[in-house]
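Student: Prediction below, plus the sequence it came from.
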Amino acid sequence: MKKLSTLVAAASLLTLPMAASADTILGLYVGVQGWNADYDGQYGFGSDVQPFYVDNDDTNTSFYAALEHPIPLIPNVKIRQTQLDVNTSTGSYSGNFDNTDYTLYYEIFDNDIVAIDVGINGKQFDGQAEIAVSDIVAQQDFSGVVPTAYAAARIGLPFTNWTVTGEAKAISFDDSNLHDIQAALEYRVIDNLAVDISISAGYRAMKVELDDIDNIYSDLNFKGPFVSLDVHF
């Protein structure tokens with residue numbers, strides 16, 4: 001009986017580390033972002049690239065999901081979809097540059113305070129450009145993937161529920177230049193073994209300079225504050 005009690009106690013001790021580190025075995029992250037972005041620049045298709053000006057801003061939405069695991073050499077996966085509408089105050093130009101990021105990354109450093117990720121990303125645009133001049137409307141759908149480098153970092157403020165976060169995707173080649181950068185201050189509302197829930201407020205800036213991506217030419221800048229809700233299972 002004494003031996004049986006000893007075995008049960010040992011088994012209980014062995015399961016404690018597994019329960020405490022369950023989220024390090026497989027982690028699922030999901031989130032939603034509301035981005036109040038001002039934008040300016042020019043875009044068009046073929047040789048018809050014209051400047052446009054706006055006196056308003058749009059609230060764009062963004063959703064993401066990420067899966068992290070401990071399997072060596074196999075990267076973690078993150079997918080983010082972002083809505084980007086472009087409309088002029090005169091109504092001559094309208095369209096969207098909606099895009100989806102497909103990210104493969106490695107967590108090269110991770111402790112209780114600092115985490116650093118690096119990887120590669122493919123930003124797929126699925127949009128539409130429309131130009132209206134003198135009752136004549138020209139419209140073109142476009143689609144294309146732009147590869148970028150990817151990096152992200154998190155720095156926790158010791159003995160608090162606050163974390164500083166940053167993320168960047170960027171590339172420059174030929175006459176195309178693309179970057180998507182954001183930084184935020186995050187507060188963990190719920191933090192336990194079952195689920196983590198946090199809210200963030202930050203600033204995001206995106207440059208979309210495309211040279212003949214499915215016959216689309218653009219030089220657009222989007223920038224502005226955002227708020228987000230993130231959940232980690």
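Tutor: Thanks, I have the structure now. Numbers count the residues shown, from 1 in each chain.

Student: lowest-pLDDT helix or strand in the protein?
Tutor: Lowest on mean pLDDT, DSSP states H and E among the helices and strands of the chain sits helix 2-20, with a mean of 36.

Student: Now the residue nearest the centre of the chain: closest residue in space that isn't a chain neighbour?
Tutor: Per Cα atoms, centre = their mean, the C-alpha nearest to the average position across the chain is that of R80, at 5.1 Å. The spatially closest residue to R80, leaving aside those adjacent along the chain, is Y64, at 3.8 Å (Cβ to Cβ, 6 or more residues apart in numbering). Every residue, glycine included, has its C-beta placed from N, CA and C.

Student: Check the contact between that neighbour and L28; I expect there is one.
Tutor: No: with contact defined as Cβ atoms under 8 Å, Y64 does not count as touching L28 (11.4 Å).

Student: which of those two has more neighbours?
Tutor: For Y64 versus L28, the count of surrounding residues by other Cβ atoms under 10 Å is larger for Y64: 19 against 13.

Student: Spit out the contact partners of that one.
Tutor: Contact criterion Cβ atoms under 8 Å, 6 or more residues apart in numbering gives 29-31, 33, 78-81, 101 as the residues in contact with Y64.

Student: And V137, by the same measure?
Tutor: Residues 130-131 are the ones in contact with V137 under the rule Cβ under 8 Å, 6+ apart.

Student: rewinding a little: show me the contacts of Y64 that map onto strands.
Tutor: By the criterion of DSSP state E, membership of those in strands covers 29-31, 33, 78-81, 101.

Student: Now, of those, which are buried?
Tutor: By the neighbour-count criterion of 16 or more other Cβ atoms under 10 Å, these include these buried positions: 29, 31, 33, 78, 80, 101.

Student: does the last one have beta-bridge partners, and which?
Tutor: By that I understand D101. R80, K123 (DSSP bridges).

Student: you'd agree it is up against T82?
Tutor: Yes: under the contact definition of Cβ under 8 Å, D101 touches T82, with a separation of 7.5 Å.

Student: Who does the host helix or strand of T163 pair with, and is each partner parallel or antiparallel?
Tutor: Under the criterion of DSSP states H and E, T163 resides in strand 162-173. Partner strands for strand 162-173, per DSSP bridges, with pairing direction: strand 136-156 (antiparallel), strand 176-191 (antiparallel).

Student: ok, residues contacting it?
Tutor: Identification of contacts with strand 162-173 by Cβ under 8 Å, 6+ apart yields 101, 103, 121, 123, 146-157, 177-188, 198, 200, 202.

Student: mind saving the C-alpha coords of that strand as PDB?
Tutor: Output for strand 162-173, consisting of C-alpha atoms alone and laid out as PDB, is shown next (Å, rounded to 0.1, in the frame of the first residue of the first chain):
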ATOM      1  CA  TRP A 162       1.800  45.500 -19.800                       C
ATOM      2  CA  THR A 163       3.800  44.400 -22.900                       C
ATOM      3  CA  VAL A 164       5.300  46.500 -25.700                       C
ATOM      4  CA  THR A 165       4.900  44.800 -29.000                       C
ATOM      5  CA  GLY A 166       6.100  45.400 -32.600                       C
ATOM      6  CA  GLU A 167       5.800  43.700 -36.000                       C
ATOM      7  CA  ALA A 168       7.300  44.500 -39.400                       C
ATOM      8  CA  LYS A 169       7.000  43.100 -42.900                       C
ATOM      9  CA  ALA A 170       9.100  44.800 -45.600                       C
ATOM     10  CA  ILE A 171      10.700  44.500 -49.000                       C
ATOM     11  CA  SER A 172      12.100  46.700 -51.700                       C
ATOM     12  CA  PHE A 173      12.900  45.500 -55.200                       C
END
